[in-house]
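Asks: Just need the structure, nothing else, for what follows:
(one chain, ligands or ions: 1)
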Amino acid sequence: MYKIIRWFLFKLNPERAHHFTFNSLKILFKFPKVDLLCRGFFSSNNPKLEVEVFGLHFKNRVGLAAGFDKDAKLYHELSNFGFGFIEIGTVTPLAQPGNEKPRMFRLPQDEALLNRMGFNNEGALAAAKRLKQQKANIIIGGNIGKNKNTSNEDAASDYLKCFEALYEVVDYFVVNVSSPNTPNLRDLQDKEPLTKLLLELMQLNQSKPKQKPVLLKIAPDLTNSQLDDIIEIVATTKIHGVIATNTTIDRNLLHQEKEYALTLGLGGLSGKPLTKRSTEVIKYLHQKSHAAFPIIGVGGIHSVDDAIEKIKAGATLIQLYTGFIYEGPSLIKEINQRLIKENLN
Ligand SMILES: Cc1cc2nc3c(=O)[nH]c(=O)nc-3n(C[C@H](O)[C@H](O)[C@H](O)COP(=O)(O)O)c2cc1C
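Replies: Numbering: from 1, shown residues only. Down below sits the predicted model:
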């Protein structure tokens with residue numbers, strides 16, 4: 001069934017397909033019982049799937065990665081597709097249009113996407129307002145970033161503003177310093193600025209009546225010595241975990257469409273080409289840190305086996321984006337069914 005829907009969606013340009021899917025789901029879920037039907041079809045309610053991670057109770061380990069529901073417009077409908085959690089964002093303090101279109105491309109032979117969206121979003125307060133209006137019945141992560149026009153020197157204040165805006169309405173936070181699509185953002189992954197940024201954020205967190213888990217999302221393109229720094233930074237700043245990984249800038253991971261991809265310009269690659277590298281990063285962090293913190297594994301999960309590999313490499317939770325586009329929502333259920341069977345919890 002999804003193959004037919006995908007055939008149609010893949011006839012549209014990727015960003016139009018995204019908006020078309022969004023609008024269609026919005027309309028579809030206005031009909032009575034669609035939510036029930038959808039849950040019946042895709043959800044796997046089983047106590048064996050439940051996990052407690054950084055003080056939060058997850059119905060299952062499979063989440064929707066950041067970037068799909070950037071503005072928290074569809075989390076309610078998406079919560080019926082079997083996910084255990086949904087990450088909204090990346091949001092920035094001020095609304096911004098993102099990069100010029102076209103900025104999202106399919107590489108179907110490689111089962112990949114290339115995007116340079118550039119944090120297009122309506123701002124952290126707009127997302128917070130939506131989350132306030134309709135209480136989520138699923139764990140919600142808030143992925144936060146800085147505006148394009150904010151210098152790296154002033155970046156901390158942008159992250160603090162987003163934290164304040166979303167504090168009441170999200171269950172955990174993700175500090176995104178790993179998108180390749182905001183100029184120089186990834187420089188914030190360096191030890192000194194990153195430690196400073198996270199310490200400031202954790203200080204604000206400490207001042208709140210209830211602390212929220214704070215995670216760091218990293219790029220797959222970091223070297224082992226940079227990953228060693230990340231392990232040290234997590235220990236110093238006492239943040240709660242790491243999301244590995246964001247998209248890659250490495251075009252050599254493409255097998256079929258590398259030449260074509262090179263004509264498309266800048267952007268981050270996601271999907272199948274990322275599977276192996278993101279698993280390597282998870283494994284390295286898990287082993288080198290002696291499992292000191294939880295890792296959310298993301299990058300190229302297109303099959304049940306990909307998901308199991310991420311968990312075996314050390315991921316406590318997993319997320320998908322591109323695999324959700326290529327394989328459809330039944331993949332979530334298939335992963336959860338295997339998790340029940342293999343008793344990996
Ligand atoms: C179109 C698109 C937009 C994305 N936007 C964001 C974003 O705003 N913030 C973020 O942290 N990650 C973003 N990502 C990265 C994903 O969350 C994920 O880390 C990455 O795509 C690897 O997972 P995948 O191979 O399952 O897609 C985006 C990915 C895609 C394809």
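Asks: how deep is the residue in the stretch 51-200 of the chain positioned nearest to the ligand tucked in, by neighbour count?
Replies: Residue nearest to the ligand within the stretch 51-200 of the chain: residue 67 (2.2 Å; Cβ to the nearest ligand atom). C-beta here means a position set from N, CA and C on the backbone, and glycine is covered the same way. Residue 67 sits with 26 neighbouring residues when counted by other Cβ atoms under 10 Å.
Asks: Confirm it sits in a helix?
Replies: No. Residue 67: not assigned to a helix; according to DSSP: H, G, I helix; E, B strand; the rest coil it is coil.
Asks: who's in contact with it?
Replies: Counting by Cβ atoms under 8 Å, 6 or more residues apart in numbering, residue 67 touches 89-90, 115, 117, 143, 321.
Asks: all strands of this protein, in order?
Replies: Under the criterion DSSP state E, the chain contains strands at 51-53, 56-58, 62-64, 85-91, 104-107, 112-115, 139-144, 172-176, 214-218, 241-244, 268-271, 295-298, 317-320.
Asks: where do the helices sit along the stretch 101-250 of the chain?
Replies: 124-133, 155-166, 191-206, 224-237 (DSSP state H, counting those that start in this stretch).
Asks: Need the winner for burial among those.
Replies: helix 155-166 (a mean of 21; mean count of other Cβ atoms under 10 Å).
Asks: and it, average pLDDT?
Replies: Helix 155-166 comes out with an average pLDDT of 98.
Asks: Roughly how far does residue 115 sit from residue 149?
Replies: Going from residue 115 to residue 149 by Cβ to Cβ, to the nearest Å gives 21 Å.
Asks: let me redo that: residue 28
Replies: 38 Å.
Asks: Let me see the contact set for residue 162.
Replies: So residue 162 contacts 91-93, 124, 142, 144-145 (Cβ under 8 Å, 6+ apart).
Asks: From those, list the buried ones, please.
Replies: The neighbour count (16 or more other Cβ atoms under 10 Å) marks 91-93, 124, 142, 144-145 as buried among the contacts of residue 162.
Asks: Can you add pLDDT and distance to residue 44 and give the residues you listed back as JSON lines?
Replies: Below are the buried ones among the contacts of residue 162 laid out as JSON lines (pLDDT from 0 to 100; distance: Cβ to Cβ, whole Å):
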{"residue": "91", "pLDDT": "98", "distance to residue 44": "30"}
{"residue": "92", "pLDDT": "98", "distance to residue 44": "35"}
{"residue": "93", "pLDDT": "98", "distance to residue 44": "37"}
{"residue": "124", "pLDDT": "98", "distance to residue 44": "32"}
{"residue": "142", "pLDDT": "98", "distance to residue 44": "25"}
{"residue": "144", "pLDDT": "98", "distance to residue 44": "30"}
{"residue": "145", "pLDDT": "98", "distance to residue 44": "32"}
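Asks: among those, which two are most distant?
Replies: Maximum pairwise distance in the buried ones among the contacts of residue 162, criterion Cβ to Cβ, is 12.8 Å, between 93 and 142.
Asks: Run a quick neighbour tally on whichever residue of the stretch 151-300 of the chain sits closest to the ligand.
Replies: Nearest residue of the stretch 151-300 of the chain to the ligand: residue 270, at 3.1 Å (Cβ to the nearest ligand atom). Residues within reach of residue 270, counting by other Cβ under 10 Å, total 29.
Asks: List the residues that contact it.
Replies: Residue 270 sits next to 112-115, 247-248, 299-300, 321-322 when contact means Cβ under 8 Å, 6+ apart.
Asks: among the contacts of residue 67, which are in reach of the ligand?
Replies: 89-90, 115, 117, 143, 321 (Cβ under 6 Å from any ligand atom).
Asks: now, among the residues you listed, which is nearest to residue 36?
Replies: residue 321 (26.0 Å).
Asks: Quick check, that closest one in contact with residue 298.
Replies: Yes. Using Cβ atoms under 8 Å, residue 321 is in contact with residue 298, at 7.4 Å.
Asks: And residue 187, how close does it get to residue 177?
Replies: Residue 187 is 8 Å from residue 177, by Cβ to Cβ.
Asks: Give me the more crowded residue out of those two.
Replies: For residue 187 versus residue 177, neighbours defined as other Cβ under 10 Å are more numerous around residue 177 (25 against 12).
Asks: That one touches residue 196, doesn't it?
Replies: No. Using Cβ under 8 Å, residue 177 is not in contact with residue 196, being 11.8 Å away.
Asks: Is there proximity between stretch 251-267 and the ligand?
Replies: No. Using Cβ under 6 Å from any ligand atom, stretch 251-267 never reaches the ligand; the gap is at least 9.2 Å.
Asks: contacting residues for the closest residue to residue 273 other than its chain neighbours?
Replies: Nearest residue to residue 273, sequence neighbours excluded (Cβ to Cβ, 6 or more residues apart in numbering): residue 253, at 3.8 Å. Residues counted as contacts of residue 253 (Cβ under 8 Å, 6+ apart) are 269, 273-274, 276-277.
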